[in-house]
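1. Below are the sequence and a predicted model; questions follow.
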Amino acid sequence: MKGLVAILAKQPMPGRVKTRLAKDVGPERAAVLAEAFLLDTIDVAAQVPGADVLIAFDPPDAKAWFCAHAPSGCEVMPQPRGDLGDRIAAVFERGFALGAASCVAIGMDTPQLSPGRLAQALSACENGSVTIGPSVDGGYYLIGMDRPRPTLFDGIDWSTDAVFDQTSRRIRRAGAPLVLLPEEHDVDDLAGLQALEAGRLPPRSRAALLAFQDAWKG
């Protein structure tokens, strides 16, 4: 049975994506970067051997845009209402309903991830393990499992530096083995953008980073 990489994504429109980053680079540049990150993330997910791709999109009227940019055979679904925990739980529910043996969920903030890292995460989701990729800001850039576990996402203080610790405690209380991936920066703000290494990025993201680099140097 196949694994599945689920991407939670927003349509890259100025003023609606990367709003914290936009305070420093402007909404148009932030949207260009977001689009490059998203399209590269979709491409990388599609390169994971033996894995399918699911894109959970927002806003609800963006289906046509995502279908136009999705790889062949990719499942697309609108993100449900609710907080981030509700949306992540819904993605896992859909992924396992499609028959996935294991599923990892990522966002569009870590364009430096490789197909190998995603394959590693999927293979770690065995025997009830939960895999997490912690981010430098106290959250996580990836979570994976081999069965639905919606209670892991209840009552988390989303968008704070407590997300990783709170989620890890919930996993341990559930009695599930926790597998940690290497820590990464995610690009929510200027500090995250400055931490990206152009050499680790796929083509679109590298080009967008280099094109706008003068805007945030120093």
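-> Everything's here; your move.
2. what packs against the lengthiest helix in the chain?
-> Once the chain is assigned using DSSP state H, the helix that runs over the most residues is helix 27-46. Other elements packing on helix 27-46 under the criterion 3 or more CB pairs under 8 Å, 6 or more residues apart in numbering; DSSP states H and E are strand 3-10, helix 19-25, strand 51-58, helix 63-69, helix 115-124, helix 203-212. For glycine as for every other residue, the C-beta is placed from the backbone atoms N, C-alpha and C.
3. angle of whatever helix or strand Gly133 lives in against helix 115-124?
-> Secondary structure from DSSP states H and E places Gly133 in strand 130-134. Counting by axes from the mean of the first three to the mean of the last three CA atoms, to 10 degrees, strand 130-134 lies at 150 degrees to helix 115-124.
4. any low-confidence regions in this protein?
-> Across the chain, residues meeting the criterion (pLDDT under 70) sit at 1, 214-218.
5. about what we covered before: quick one, the helix or strand just after the strand holding Gly133 and strand 130-134 angle?
-> Using DSSP H and E, the helix or strand that follows strand 130-134 towards the C-terminus is strand 140-145. Per the same axes, to 10 degrees, the angle that strand 140-145 makes with strand 130-134 is 170 degrees.
6. Strand 140-145: partners in the sheet, and parallel or antiparallel?
-> With DSSP bridges as the test, strand 140-145 is paired with strand 102-106 (antiparallel), strand 130-134 (antiparallel).
7. Who are the contact partners of the closest residue to Leu181 other than its chain neighbours?
-> Among residues not flanking Leu181 along the chain, Gly133 sits closest, at 3.9 Å (CB to CB, 6 or more residues apart in numbering). By CB atoms under 8 Å, 6 or more residues apart in numbering, the residues touching Gly133 are 110, 117, 121, 140-143, 180-184.
8. Let's see that with 7 Å instead.
-> By CB atoms under 7 Å, 6 or more residues apart in numbering, Gly133 lies in contact with 121, 140-142, 181, 184.
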